[in-house]
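Undergrad: Sequence plus the predicted model coming up.
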Amino acid sequence: MGRTNETATQLIRFQQQELAKFFSALRKADQEAFADLFALAQFHIAPLAFSGTAEPQMIIYFAMLLEQHKLILHLQKVIQFLLEQQGIESDQWLDL
């Protein structure tokens, strides 16, 4: 019988275990943020499983980046909306 491949969830847990010493050396607030990144990666389990890449950690990190970028884009839209409500040009807000 052949070797069974790990599931995407197992791959994410394995990456967390690989970084356990780094995690434990972080400050409490940083540990919470670090844990949040791995929680964000869970949203992309299906693409990770589908990718079949030899380096799943790369996909996990890109999944984290994707979620962070989506948050940044959302926050930019919120800022734009709030600036428009205040009558401030979007290119002027950095000067405030």
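TA: Thanks, I have it.
Undergrad: From here on, just use CA atoms for contacts and neighbour counts.
TA: Will do.
Undergrad: what does stretch 21-28 contact?
TA: Contacts with stretch 21-28, where a contact means C-alpha atoms under 8 Å, 6 or more residues apart in numbering, come from 31, 34.
Undergrad: Could you list the buried residues of that stretch?
TA: Applying a neighbour-count criterion of 16 or more other C-alpha atoms under 10 Å, one finds F23 buried in stretch 21-28.
Undergrad: So what's the gap between the worst-scoring helix or strand of the chain on mean pLDDT and the chain middle?
TA: The helix or strand of the chain with the poorest confidence is helix 45-51; it has a mean of 85 (mean pLDDT, DSSP states H and E). Distance of helix 45-51 from the chain centroid (C-alpha atoms, centre = their mean, to the nearest Å) equals 15 Å.
Undergrad: likewise stretch 26-39?
TA: Distance, stretch centre to chain centre, for stretch 26-39: 11 Å (C-alpha atoms, centre = their mean).
Undergrad: Assign a three-state SS to the nearest residue to I60 once chain neighbours are set aside, would you?
TA: Nearest residue to I60, sequence neighbours excluded (C-alpha to C-alpha, 6 or more residues apart in numbering): A41, at 5.8 Å. With DSSP: H, G, I helix; E, B strand; the rest coil as the basis, A41 sits in helix.
Undergrad: What about A41, how many residues nearby?
TA: A41: 21 surrounding residues under other C-alpha atoms under 10 Å.
Undergrad: What's the per-residue pLDDT of the residue most central in space within the chain here?
TA: By C-alpha atoms, centre = their mean, the chain has its centre lying nearest to M64, at 2.0 Å. On the pLDDT scale, M64 is placed at 92.
Undergrad: again, but for R3
TA: 59.
Undergrad: just so I have it, where are all the helices in this structure?
TA: Here the chain has its helices, by DSSP state H, at 8-18, 20-25, 28-41, 45-51, 56-86.
Undergrad: And for the fourth one, what's in contact with it?
TA: Outside of helix 45-51, the residues that reach it under the criterion C-alpha under 8 Å, 6+ apart are 7-9, 56, 59-60.
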